[in-house]
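# Sequence and predicted structure below; questions after.
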Amino acid sequence: MTFKPAQLLVVLLVTALPAFAAETPLATVNGKMIPASKVEPFLKQALAQGQKDSPELRAMIKDRLVGTEVLLQAAEKAGISKSDDVKFQADMARQNIIIQLLMRAYVEKNPISEPDVKAAYERAKTQAGDKEFHPYHILFEKEDDAKAAISKLKAGAKFDELAKQSKDPGSAGRGGDLDWVAIGSLPPAFATALNALQKGQFTETPVKSSAGYHVIRLEDTRPTKIPAYDEVKQQLAEELIQEKVRAYQQELIKKATIK
């Protein structure tokens, strides 16, 4: 066979390109090829989490990809991939990925600085104060019920027994125990009343908050244990990032035309 110049050029190009055009196969599942390039994202993620590149790690990733492909083919055969639920979930996943990338880009352009984290640490120290409190409480919807409980306590009733009728489900089963708290984390009226008590005392008038009427008893106090800055700086930085992201979202909502 004789090739014309133009035909010869096409043949030369085709024979020169296969190494670039063809994907290296990792495995074949029921005739469908899984390209080796699919390993890289999983490998990168594993290395970022501290794992070491090894034949065992790559084999595990390969097994995961093969197992996923087997399940996907089974789902395709069953018609599940075309269901409305899959379309909805895929759309939601796509939206979440896009939003996460938007937020990541915003944080990268507006990073949290070391002074920001240190300032947050100092605020947390101030809020915590130099003393922690261990309060118990009984929560009532009506002030008269709280007054009646106080009268019973004065007559010798046990606090933990009365706490069983508390409207706070989180502490009612524990005798009203709220565990150790910083005074700055409590509602103002609750904090003021608690701070005025001596160990073992309870409030002789109901304390009103947005939740209802409280009868409060102070079990004990102790010096505040504040962790070192280096122990909590990562947690504080993450909290500040979340605050920044929420503020950015609210800013976008305010600027949007919503009818």
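That came through, no problem. Computed from a prediction, not measured in an experiment: that's the story for all the values here.

# so who does residue 174 touch?
With contacts defined as CB atoms under 8 Å, 6 or more residues apart in numbering, residue 174 is in contact with residue 163. Every residue, glycine included, has its C-beta placed from N, CA and C.

# From residue 149, how far out is it?
The gap separating residue 174 from residue 149 is 17 Å, by CB to CB, to the nearest Å.

# Kindly report the same for residue 181.
From residue 181 to residue 149 the distance is 21 Å (CB to CB).

# Residue 197 should be in a helix, yeah?
No: under DSSP: H, G, I helix; E, B strand; the rest coil, residue 197 sits outside any helix and is assigned coil.

# contacting residues around it?
Here residue 197 is in contact with 203, 216, 217, 218 (CB under 8 Å, 6+ apart).

# same question, residue 75
residue 81.

# if we go to 10 Å?
By CB atoms under 10 Å, 6 or more residues apart in numbering, the residues touching residue 75 are 81, 82, 83, 86.

# which residue packs closest to the first one, ignoring adjacent ones?
Spatially, and ignoring its direct neighbours in sequence, residue 81 is nearest to residue 75 (5.5 Å; CB to CB, 6 or more residues apart in numbering).

# Next, that neighbour: phi, psi?
phi -70, psi -40 (degrees, to the nearest 10).

# Quickly list the domain ranges of the protein.
22-77, 128-223 (automatic domain parsing).

# for these, which one ends up most surrounded?
domain 128-223 (a mean of 16; mean count of other CB atoms under 10 Å).

# how long is that domain end to end?
By CA to CA, to the nearest Å, the extent of domain 128-223 from end to end equals 10 Å.

# tell me the mean pLDDT for it?
Taken as a whole, domain 128-223 has an average pLDDT of 96.

# Off-centre distance for that domain?
Relative to the mean C-alpha coordinate of its chain, domain 128-223 is positioned 30 Å out (CA atoms, centre = their mean, to the nearest Å).

# Need the contact partners of stretch 137-148.
Here stretch 137-148 has contacts from 149-150, 153, 159-160, 162-172, 175-178, 190, 193-194, 202-209, 211-217, using CB under 10 Å, 6+ apart.

# What ranges does the stretch 151-259 of the chain have for its helices?
159-162, 169-172, 188-195, 229-255 (DSSP state H, counting those that start in this stretch).

# Let me have these in CSV, adding distance to residue 94 as columns.
Listed next are the helices of the stretch 151-259 of the chain as CSV, based on distance: least, CB to CB, whole Å:
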stretch, distance to residue 94
helix 159-162, 52
helix 169-172, 38
helix 188-195, 45
helix 229-255, 18
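
# of these, which approaches residue 102 most closely?
helix 229-255 (9.0 Å; CB to CB).

# Show the secondary-structure elements that that closest one is packed against.
Other helices and strands packing on helix 229-255, by 3 or more CB pairs under 10 Å, 6 or more residues apart in numbering; DSSP states H and E, are helix 84-109, helix 114-128.

# Could you tell me the angle between the first one and helix 229-255?
If you take axes from the mean of the first three to the mean of the last three CA atoms, to 10 degrees, helix 84-109 sits at 110 degrees to helix 229-255.

# how distant is helix 84-109 from the center of its chain?
The answer for helix 84-109 is 16 Å, by CA atoms, centre = their mean.

# pLDDT of it, averaged?
Here the average pLDDT along helix 84-109 is 95.
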